[in-house]
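>>> Model the following, please.
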Amino acid sequence: MSIESLFDLSNDVAVVTGAGRGIGEGIAKVFAEAGAAVVCAARRAEEIERVAKDIRDAGGRAIAVPTDVTDEDAVDALGARAVSEFGSLDIWVNNAGGSPIQSPLVDLPREEWDATLRLNLTAPWVCTRAASKHMGESGGRILHISSRAGSDPVPGSGHYSAAKAGLNNMTVSMARELGPRIRVNTIEPGAVPTEIMMQALRLKEDDLPQLEKALKLPAGRLGTPRDLGAAALYLCSPAGEWVTGIILPVSGGM
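Okay, the predicted model is just below:
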């Protein structure tokens with residue numbers, strides 16, 4: 001197999017949730033560059049329409065499907081739409097997630113705890129069930145986007161850390177239960193200044209140079225959505241076909 005074919009997704013159809021901005025947008029665009037037909041999913045229709053149009057304008061294949069990943073019927077319809085539009089479903093990326101709230105756990109409102117686990121842990125489980133059904137006998141690849149907070153808890157974000165730690169653990173169980181038909185892996189992003197991270201940490205653009213300096217990352221800089229897209233491509237392409245059940249930090253050495 002040539003080097004080019006190791007990272008070729010031209011025969012694949014990929015669903016990417018949370019694809020309207022940030023890391024999800026980065027993954028969707030890298031997959032499209034690698035040849036995949038991409039189904040961009042998120043609640044904000046205007047954002048995923050923009051990403052899908054960017055992909056098509058660059059010569060790729062993409063559609064936008066507004067989806068609330070906490071709605072089980074909507075998730076199942078998303079998988080069905082991928083198959084009806086492009087003929088198969090080969091890759092599903094559970095990227096939608098996050099929490100804009102910071103609070104000590106003992107002060108956290110119950111509704112925020114429930115909402116965080118529903119979006120960051122229950123929704124990936126629901127999405128994986130739907131993906132495994134629509135992938136059929138040919139199988140495929142499922143990728144969860146977790147967070148370094150899942151392994152190194154962040155004070156004030158204990159609810160988010162708990163959800164992502166659960167997602168990490170669920171990854172290993174899913175890999176063993178769904179293999180060899182479906183490979184399941186997780187990426188733990190580090191400091192990537194997405195909108196949700198900026199909100200959670202109450203940061204502005206002007207704060208980023210100081211954050212970069214304070215973190216003292218061995219890689220020398222903060223991350224970008226394309227950094228995460230490159231890692232996702234490895235795990236979901238033929239290059240990663242002997243990799244399943246791993247939690248991969250992509251964090252600049254954090």
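>>> residue boundaries of the helices in the stretch 151-254 of the chain?
Shown for the stretch 151-254 of the chain, the helices assigned by DSSP state H, counting those that start in this stretch span residues 158-178, 195-200, 208-215, 225-236.
>>> Let me see the mean pLDDT of the third one.
Average pLDDT, helix 208-215: 76.
>>> for stretch 155-167, same thing?
The model assigns stretch 155-167 a mean pLDDT of 96.
>>> One more: stretch 33-47?
When pLDDT is averaged over stretch 33-47, the result is 98.
>>> From the chain's centroid, how far away is it?
On the basis of C-alpha atoms, centre = their mean, to the nearest Å, stretch 33-47 is displaced by 12 Å from the centre of the chain it belongs to.
>>> Give the helix, strand or coil label for the residue lying closest to Ile91 once chain neighbours are set aside.
By the measure of C-beta to C-beta, 6 or more residues apart in numbering, the closest residue to Ile91 outside its immediate chain neighbours is Ala14, 3.8 Å from it. Backbone N, C-alpha and C define where each C-beta goes, glycine included. What DSSP: H, G, I helix; E, B strand; the rest coil gives for Ala14 is strand.
>>> Kindly state the beta-bridge partners for Ala14.
Under DSSP bridges, the beta-bridge partners of Ala14 are Val38, Ile91.
>>> for the chain, what spans make up the strands?
Listed in chain order, the strands of the chain (DSSP state E) span residues 13-17, 37-42, 61-66, 91-94, 140-145, 182-189, 247-250.
>>> Kindly reformat the ones you listed as CSV containing distance to Gly156 and mean neighbour count.
As requested, the strands of the chain are exported to CSV (distance: least, C-beta to C-beta, whole Å; neighbours: other C-beta atoms under 10 Å):
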stretch, distance to Gly156, mean neighbour count
strand 13-17, 26, 29
strand 37-42, 26, 29
strand 61-66, 32, 20
strand 91-94, 24, 30
strand 140-145, 21, 26
strand 182-189, 18, 25
strand 247-250, 21, 19
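>>> how near is Gly22 to Thr194?
The gap separating Gly22 from Thr194 is 3 Å, by C-beta to C-beta, to the nearest Å.
>>> Overlap in contacts, those two.
Residues touching both Gly22 and Thr194 comprise Pro225, with contact defined as C-beta atoms under 8 Å, 6 or more residues apart in numbering.
>>> thought the residue nearest to Ile91 was touching Ala34?
No. With contacts defined as C-beta atoms under 8 Å, Ala14 does not count as touching Ala34, sitting 9.3 Å away.
>>> any weak-confidence spans in the stretch 51-200 of the chain?
Low-confidence segments of the stretch 51-200 of the chain, defined by pLDDT under 70: 198, 200.
>>> do that again at 80, thanks
Scanning the stretch 51-200 of the chain for pLDDT under 80 picks out the ranges 193-200.
>>> quick one, which of the helices of the stretch 151-254 of the chain is nearest to Val38?
Comparison of the helices of the stretch 151-254 of the chain against Val38 by C-beta to C-beta identifies helix 225-236 as nearest, at 11.3 Å.
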